[in-house]
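Asks: Dropping a prediction and its sequence here:
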Amino acid sequence: MIDFHVLAKEYSTPLYVYDFNYMSRQFEALKEAFKGRKSILAYAVKANSNLSVVKHFAQMGSGADCVSIGEVRRALMCGIPAYRIIFSGVGKQDHEIREALESDILYINLESDAEMQRVEMIARELNITARISVRVNPNIDAKTHPYISTGLHSSKFGVDLNSAKRMYIRAKNSQYLEPVGIHFHIGSQLTELDPIREAAEIVADLVRSLSALKINLKFFDVGGGLGVRYKNETTIEPYEYAQAILSTLTALDMTIICEPGRFLTANAGYFLTKVLYEKQNGDKRFVMVDGAMNDLIRPSLYEAYHHVNTLDKEGEKTLADIVGPVCESGDFLAKDYALPMMQHNDLLVFESAGAYGFGMGSNYNTRGRSAEVALEDGKARLIRRRESFDDIIANEREFLEANE
C-alpha cells in the first residue's frame, strides 16, 4: 500500500506520484500480447514526458512515438535508439523536420500531401533519403470523447485512403523519399474492439493494394489508444487487442508498431492535493483545495472523471464541487462528488492521473507546477522538483532588468 500521508509530508502538495512497478507490468503485458510477431512498442511520450518515465521504458526496450522535436530529444536523451523513434504530429515545422532527418530516426509520419512536400524539399537540401510513413484516416468512429477521436474525416489528423495512395505513389517515385510504413490511430481511450479491428482491416487492404504497385511497406503502425478504467469502463485485454490486429494481416510480413501511452501510465499515477477549507453558497457546497486546473486540467478540458480517495475519512457524504485557487469558474477537479465533511489539511488523492496530467499543466496565475515523485520497489524518489517563483520568471527577469 502507498502511504500518501508520508509522501505529502515529505514532498508537499499539490504532488504527482507515479508507480513505476505498475508501468512495468503494463508494458510487459502488452509486449507479451504481441509475442511471436515482429513488433515494436513505441511509448507515446506525450502521455507522460518526465525524463525518468521515458528512461524507465527505454530500459525495458521501448521505442518512442513523438509529436514534437522536443519529445524526440527527450527520447534520445533517455537512451531510446534513433531506429526506434517515430516523429508524428500534424504541424511539424521545417526546423523540426530537418533535425529529425539529421537524427536518422526510424521514420517521419506524414499527415498531409503538403507536409510530404516540405519533407521532400528538406531531404533534397540535406541530400539524404527521408524514410516516411503516411497516417491514414480510415473514417472509423472510435466511440470515444470527441476531443480524442481522431479517425473520422472531420478530424484534422491523417488523410483519406485515396489521398494516401497518391502520396505513396509520389513517394515511391521520389529520389528523396522512401515509404517504409503505414500508420493509423483512430482515437484515445478506446474501449471497444470492433472499431480497432475494422480500421486495421481497411489499412491492411490498402497495404495489399500498394504491394501490387510494388510499394512494399515494412511497418504496420496501429497507433495507441487502448483505454483504461477511470470509473466503470469495460477495457480491452491486451491479448484480444493484439489478436484483433493480427487477424487482419494475413499474408503480410510486417513489423507491427504499437504506440501505448495512457495504457502504460494513467493508472500508475496519483495527484495529491490538500483541503484548504469548505465553503457553502446557499445549497451549493465547495471543497477548496491547493491543487487547481493548472495542475490537472483534464476535468475542466474533457469533463474527465478521476476517482477521489479520501483515505478512509469517515462521515456522511454529500455532493460537493472540488475546486482550486485559480481565478476561473472553470477551475474544478470534480463536480457533484460525494464527500464526507472535510477539514483543513485533509488529503485528497485523485487516481488515474499518470497520463495527460502534469504534461498539460501550466503556470497560469503564476502558480508553480507540482513536484513529481517515482515509487519503485517500495522506495520513493523525486524526479522533478516543485517550481519556484524564480523558475517561473526566469525567462522574463533579464528583460525587465535590461529596461530599468
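Replies: Structure's in. What do you need?

Asks: Show me where the stretch 51-200 of the chain has its helices.
Replies: For the stretch 51-200 of the chain, the helices defined by DSSP state H, counting those that start in this stretch occupy 51-59, 69-77, 94-102, 113-126, 161-172, 193-212.

Asks: Let me know which of the ones you listed is tucked in deepest.
Replies: Of the helices of the stretch 51-200 of the chain, the one with the most neighbours on average (mean count of other Cβ atoms under 10 Å) is helix 51-59, at a mean of 20. (C-beta placed from N, C-alpha, C; glycine too.)

Asks: how about residue 58, what does it touch?
Replies: Counting by Cβ atoms under 8 Å, 6 or more residues apart in numbering, residue 58 makes contact with 64, 75, 78, 79, 80.

Asks: And the pLDDT at the third one?
Replies: Looking at residue 78, its pLDDT is 98.

Asks: Grab the nearest non-local neighbour of residue 167.
Replies: Once flanking residues are discounted, residue 167 sits nearest to residue 134: 5.2 Å by Cβ to Cβ, 6 or more residues apart in numbering.

Asks: Go ahead and confirm residue 177 touches residue 128.
Replies: No: using Cβ atoms under 8 Å, residue 177 is not in contact with residue 128; the gap is 10.5 Å.

Asks: Those two: who's more crowded?
Replies: residue 177 (23 against 14; other Cβ atoms under 10 Å).

Asks: bridging residues for the more buried one?
Replies: With DSSP bridges as the criterion, residue 177 is bridged to residue 130.

Asks: For residue 276, what is the enclosing helix or strand?
Replies: Secondary structure assignment for residue 276, by DSSP states H and E: strand 269-281.

Asks: now could you export just the CA positions of that strand as CSV?
Replies: The C-alpha trace of strand 269-281 is given here as CSV (Å, rounded to 0.1, in the frame of the first residue of the first chain):
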residue,chain,number,x,y,z
GLY,A,269,-0.4,8.0,-11.4
TYR,A,270,-1.9,9.8,-8.4
PHE,A,271,-2.5,13.5,-7.9
LEU,A,272,-2.3,14.6,-4.3
THR,A,273,-3.9,17.8,-3.0
LYS,A,274,-4.8,19.1,0.4
VAL,A,275,-8.0,20.7,1.6
LEU,A,276,-7.8,24.4,2.4
TYR,A,277,-11.4,24.8,3.7
GLU,A,278,-15.0,24.3,2.8
LYS,A,279,-17.5,26.9,1.6
GLN,A,280,-21.2,26.8,1.3
ASN,A,281,-23.1,29.1,-1.2
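
Asks: Report the inter-axis angle for the next helix or strand after it versus strand 269-281.
Replies: Scanning forward in sequence from strand 269-281 by DSSP H and E, the next helix or strand is strand 284-289. Computed by axes from the mean of the first three to the mean of the last three Cα atoms, to 10 degrees, the angle separating strand 284-289 from strand 269-281 equals 140 degrees.

Asks: gap between strand 284-289 and the chain center?
Replies: 30 Å (Cα atoms, centre = their mean, to the nearest Å).

Asks: Of all the residues in it, which ones are buried?
Replies: 285, 287, 288, 289 (16 or more other Cβ atoms under 10 Å).

Asks: Quickly list what the third one is bridged to.
Replies: The reference is to residue 288. Under the criterion used (DSSP bridges), residue 288 bridges to residue 277, residue 323.

Asks: Next, the contact list for it, please.
Replies: Contacts of residue 288 by Cβ under 8 Å, 6+ apart are 275, 276, 277, 278, 279, 323, 324, 325.

Asks: can I assume the fourth one is in contact with residue 287?
Replies: Yes: look at residue 278 against residue 287 with Cβ under 8 Å: they come within range, at 5.6 Å.

Asks: hmm, back to that, report the buried members of the contacts of residue 58.
Replies: 64, 75, 78, 80.

Asks: And the pLDDT for the residue nearest to residue 137 when sequence neighbours are not counted?
Replies: Leaving aside its chain neighbours, residue 137 sits nearest to residue 158 (3.3 Å; criterion: Cβ to Cβ, 6+ apart). Confidence at residue 158, expressed as pLDDT, is 81.

Asks: Now the residue lying closest to residue 231 once chain neighbours are set aside: which helix or strand?
Replies: Take residue 231 and drop its neighbours on the chain: the residue closest to it by Cβ to Cβ, 6+ apart is residue 305, 5.1 Å away. Counting by DSSP H and E, no helix or strand carries residue 305.
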